[in-house]
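1. Dropping a prediction and its sequence here:
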Amino acid sequence: MDETEREYAFDTLAVHAGAEPDELTGAVSPPIYQTATYAQDGVGRPRDGYEYARGKNPTRERLERAVAALEGGRHGIAFASGSAATAALAELAGPGDEIVIGDDVYGGTYRYLERVHRPKGIGTRYVDLTAGDDTLHEALNERTRAVWFESPTNPLLKIVDIGAVARVMANFGLDDLASAEECYVEARDICREIGGHVEGHALNNLGRVYHHLHRHDEAVASLEEALAKHRSAGAVFGEAITLKHLGEVYADIGDLGKAGASLTGALHIFERIGEHAEATEVAELLAPLAGGNVPREAPASP
């Protein structure tokens with residue numbers, strides 16, 4: 001998706017993405033290219049890479065651009081079948097690697113990974129990804145190359161929390177942060193239309209990605225905006241979570257005063273609403289900053 005397409009509503013993109021006028025003639029209804037081969041300007045000199053349809057095809061490229069725009073991505077890749085896509089994605093793992101897989105997965109995927117991939121020395125580990133974050137975290141190890149799942153699953157229609165899986169992988173150090181940034185920027189843009197604490201949640205997640213990327217100014221800006229959204233919506237739990245993350249960013253950049261203030265604010269909210277596990281975690285973060293003397297009284301209102 002380019003910057004111009006980001007300004008369009010989803011319904012507009014669904015009509016126009018990938019359906020630009022034909023580059024050669026300007027026809028507003030682009031032709032369907034059914035050719036299998038293309039004339040070349042010389043031996044080994046294909047025009048713009050068009051050699052065989054299995055490699056490049058203008059019609060397929062339009063489909064790929066359309067899907068990328070609708071999904072908010074930079075690129076799209078169309079395959080002739082789901083099995084072809086499975087085989088390509090499975091190549092992300094090499095001998096000695098391991099793929100963690102949801103325990104309810106399409107039979108063709110299971111057979112490919114077990115009968116084709118496993119003999120190459122690529123391990124598979126099946127877990128119930130609906131059983132909570134701890135279950136996935138325990139399955140991850142230094143060999144893990146990818147987490148593979150469907151949502152809803154086939155055939156049991158389990159619903160996997162995609163955001164939770166991404167967070168567990170990020171905490172374990174397995175996330176692709178560049179891709180995560182794109183996803184969370186898109187989520188933020190979508191959530192702006194909803195507003196309130198939903199937008200605050202999206203901004204909070206984006207701020208955490210920026211923190212992982214060591215882009216601290218952007219992290220602070222995103223988290224401060226998230227904090228304002230949560231406060232205006234009266235979402236006290238979201239406010240506390242964002243204050244906690246702000247404190248972590250400030251601590252990393254050495255602004256211990258703001259780190260302490262943010263963490264103290266989070267601590268008092270968690271204690272007030274009875275989130276004892278969160279309060280304990282924040283107190284542990286705050287203790288080194290406070291010399292072991294964690295303030296237990298709520299600060300004066302600003």
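-> In hand now; what should we look at?

2. okay but H137 is in contact with L174, surely?
-> No - counting by Cβ atoms under 8 Å, H137 stays clear of L174, with 10.7 Å between them. Heads up, the C-betas are built off the backbone N, CA and C, glycines and all.

3. So if I had to pick from these two, which one is more boxed in?
-> Neighbours per residue (other Cβ atoms under 10 Å) separate H137 from L174, with L174 holding more: 17 against 12.

4. ok, that one - contacts?
-> 140, 144, 147 (Cβ atoms under 8 Å, 6 or more residues apart in numbering).

5. who wins for most neighbours among those?
-> When neighbours are counted by other Cβ under 10 Å, V147 leads those with 23 neighbours.

6. OK, contacts around E239?
-> 227, 230-231, 269.

7. switch to 6 Å and redo it
-> 230-231 (Cβ atoms under 6 Å, 6 or more residues apart in numbering).

8. Can you verify it is assigned to a helix?
-> Yes - under DSSP: H, G, I helix; E, B strand; the rest coil, E239 falls within a helix.

9. Look up how far R65 lies from it.
-> Look at E239 and R65: by Cβ to Cβ, to the nearest Å, they are 40 Å apart.

10. likewise P21?
-> Counting by Cβ to Cβ - P21 and R65 are separated by 13 Å.

11. So which of the two has more stuff around it?
-> Ranked by neighbour count (other Cβ under 10 Å), P21 and R65 place R65 first, with 19 against 11.

12. Where does the closest residue to that one other than its chain neighbours sit, in terms of helix or strand?
-> What sits nearest to R65 in space, not counting adjacent residues and going by Cβ to Cβ, 6 or more residues apart in numbering, is G18, at 4.3 Å. In this structure, G18 sits in neither a helix nor a strand according to DSSP states H and E.

13. Can you report how many residues neighbour G18?
-> There are 18 residues near G18, going by other Cβ under 10 Å.

14. again, but for P155
-> 10.

15. same thing with R111?
-> Other residues close to R111 by other Cβ under 10 Å number 12.

16. In strands, which of the contacts of L174 appear?
-> Among the contacts of L174, the members falling in strands (DSSP state E) are 144, 147.

17. per-domain residue ranges of the protein.
-> Here the domain assignment for the chain is 3-71, 82-172, 177-286, based on automatic domain parsing.

18. Go through the ones you listed and find the least confident stretch.
-> Averaging pLDDT over each of those singles out domain 177-286 as the lowest, with a mean of 83.

19. so where do the helices sit in this protein?
-> Residue ranges of the helices in the chain, as given by DSSP state H, are 3-6, 10-16, 58-71, 82-90, 107-111, 133-139, 162-172, 177-192, 196-212, 216-233, 236-252, 256-272, 276-286.

20. Of those helices, which is nearest P155?
-> helix 107-111 (8.7 Å; Cβ to Cβ).

21. Using CSV, list the CA coordinates for the closest one.
-> What follows is helix 107-111 as a C-alpha-only set of coordinates in CSV (Å, rounded to 0.1, in the frame of the first residue of the first chain):
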residue,chain,number,x,y,z
GLY,A,107,-4.4,-31.8,6.9
GLY,A,108,-2.4,-30.9,3.8
THR,A,109,-0.2,-28.6,5.9
TYR,A,110,0.4,-31.4,8.5
ARG,A,111,1.3,-33.9,5.8
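
22. Residues in contact with that helix: which ones?
-> 83, 86.

23. roughly how far apart are E64 and I32?
-> 15 Å.

24. Those two: which is more packed in?
-> E64 (17 against 9).

25. Return the residues in contact with the more buried one.
-> 76, 78.

26. on that earlier part again, deepest-packed of the domains of the chain, please.
-> Stretch with highest mean neighbour count among the domains of the chain: domain 177-286 (a mean of 19; mean count of other Cβ atoms under 10 Å).

27. quick one: pLDDT of N293?
-> 52.

28. Could you do the one 5 residues further on as well?
-> What the model reports for A298 is a pLDDT of 46.

29. Please work out which residues outside stretch 88-99 touch it.
-> Contacts of stretch 88-99 (Cβ under 6 Å, 6+ apart): 117, 120-125, 143-146, 148.

30. hmm, try it at 10 Å
-> Stretch 88-99 is contacted by residues 77, 79, 109, 112-113, 116-118, 120-126, 139-148 when judged by Cβ atoms under 10 Å, 6 or more residues apart in numbering.

31. dump the residue contacts of the nearest residue to S222 once chain neighbours are set aside.
-> Among residues not flanking S222 along the chain, G207 sits closest, at 3.6 Å (Cβ to Cβ, 6+ apart). For G207, the contact set (Cβ under 10 Å, 6+ apart) comprises 184, 188, 215, 218-227, 242, 245-246, 249.
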